[in-house]
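Peer 1: Have a look at this prediction, sequence included:
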Amino acid sequence: MSETTTATRPPEPDFSAITTEELLAYRYAENRWRASDTARTLLGEPDPGATIAWQAIALPDRDIPVRVYRPAPTGDTEAAARTDLPLVIHVHGGSFVGTAVQCDWTNSHLAARLPALVVSVEHRLLAPGSPLAHAADDGWDVLDHVVRHAAQWGADPARAAVFGESCGALISALTAIRAREAGLDLKAQVLVNPAVDVTETMFDHPSIAEYAYSPTRALPLLRLFQRLAVPPGTDARTLSPLYANDLSGLAPALVVVPTQDAVADHGRRYAKRLHEAGTSVRLSEYPGAKHAFLTLPGVEPQAEAAQAEILTFLRATLTK
């Protein structure tokens, strides 16, 4: 996704009746807006203490674009040449729409202030023929690649974390489970307004009913998300961290839950399951905050507090 100077935000479509062609057109226009200077009033200005650049990770079967955030050189040759930065693999929210650019505010602040190497995954977006399993593979493959080539990236592979919002938090949670199974010792996972249930019970949580149509029309969007995520014949439980058989031995977790959010109970229940499994977890609720609040510092007053909490958590877990 290339940045633009100005762009007009498209009107939100009727997600309950949207066609594939309409979805793709909406995605293009919305992501063009999110990547524009116009959107900065809502999405926030990047921290000048970080550099930001697109790169591509070449895998045997595909290339994955990533947005890379590093501490800006200070003029000190030794500092500019650091090869031991903590690593944060980030996954943006949005599922069938979204781009890493929308998270420049948070990711650049983490890169500059932790400091750390932050690699944000421009994963395959959900669409007919592009299910959640593809996006989940992208999240895992970026982590695996950067850890295995850590010296080339200037990162310390022994100090790695995953971090995501919404569908990106779902992908990050799946990645944390996959990392444990692969023997990769992650130090932390940060899950912000996570949607962690894409089974038939996804809509049974009380917060779904309470916030289905207020403060936003969340329910039609979530139903489209589920339809695209798990096509017929897919075992939805394998893509739902809430129903993972074993949640023990995972990286310490910070679960951030805005209370005025349809999937608030997803995060609460996942934090409870992590705790019951013996995984260190902190559930942090933000009263009155709405879904995606972390990416909207221009209009969400609690975004800065959440960003500061995430920074403190990652500093504690990654810089020991």
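Peer 2: Here it is on my side, so go on. The structure presented is a predicted model; accordingly, all values stated were derived computationally and were not measured.
Peer 1: residue contacts, Leu318?
Peer 2: Leu318 makes contact with Pro86, Val88, Leu114, Ala116, Arg159, Ala161, Lys187, Ala188 under the criterion C-beta atoms under 8 Å, 6 or more residues apart in numbering. (Glycine included, C-beta is placed from N, CA and C.)
Peer 1: just those now: which is nearest Arg273?
Peer 2: Ala188 (17.8 Å; C-beta to C-beta).
Peer 1: The closest one touches Thr279, doesn't it?
Peer 2: No - using C-beta atoms under 8 Å, Ala188 makes no contact with Thr279, being 11.4 Å away.
Peer 1: More neighbours: these two, which one.
Peer 2: Ala188 (24 against 19; other C-beta atoms under 10 Å).
Peer 1: circling back: now the two most distant members of the contacts of Leu318.
Peer 2: Between any two of the contacts of Leu318 (C-beta to C-beta), the greatest distance is 12.2 Å, for Leu114 and Lys187.
Peer 1: what touches both of the two?
Peer 2: In contact with both Leu114 and Lys187: Pro86, Leu318, using C-beta under 8 Å, 6+ apart.
Peer 1: Which residue is the nearest non-sequential neighbour of Ile64?
Peer 2: Ile57 (4.7 Å; C-beta to C-beta, 6 or more residues apart in numbering).
Peer 1: Let me know the secondary structure of the one you found.
Peer 2: Of the three states, Ile57 takes strand under DSSP: H, G, I helix; E, B strand; the rest coil.
Peer 1: Just give me the neighbour total for it.
Peer 2: With other C-beta under 10 Å as criterion, Ile57 counts 18.
Peer 1: check contacts around it.
Peer 2: Ile57 neighbours (C-beta under 8 Å, 6+ apart): Asp63, Ile64, Pro65, Val66, Asp141, Val142, His145, Val146.
Peer 1: For these, which single residue is the most surrounded?
Peer 2: Val142 (25 neighbours).
Peer 1: pull the CA atoms of the helix or strand where that residue lies into PDB?
Peer 2: Assigned by DSSP states H and E, Val142 belongs to helix 132-148. Coordinates of the C-alpha atoms in helix 132-148 are reproduced here as PDB (Å, rounded to 0.1, in the frame of the first residue of the first chain):
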ATOM      1  CA  LEU A 132      -8.100 -16.400   7.500                       C
ATOM      2  CA  ALA A 133      -5.700 -19.300   7.200                       C
ATOM      3  CA  HIS A 134      -3.800 -17.400   4.600                       C
ATOM      4  CA  ALA A 135      -3.500 -14.300   6.800                       C
ATOM      5  CA  ALA A 136      -2.500 -16.500   9.800                       C
ATOM      6  CA  ASP A 137       0.300 -18.100   7.700                       C
ATOM      7  CA  ASP A 138       1.600 -14.700   6.700                       C
ATOM      8  CA  GLY A 139       1.800 -13.700  10.400                       C
ATOM      9  CA  TRP A 140       3.700 -16.800  11.400                       C
ATOM     10  CA  ASP A 141       6.000 -16.800   8.300                       C
ATOM     11  CA  VAL A 142       7.100 -13.200   8.900                       C
ATOM     12  CA  LEU A 143       8.000 -14.000  12.500                       C
ATOM     13  CA  ASP A 144       9.800 -17.200  11.600                       C
ATOM     14  CA  HIS A 145      11.700 -15.500   8.700                       C
ATOM     15  CA  VAL A 146      12.900 -12.500  10.700                       C
ATOM     16  CA  VAL A 147      13.900 -14.600  13.700                       C
ATOM     17  CA  ARG A 148      15.900 -17.000  11.500                       C
END
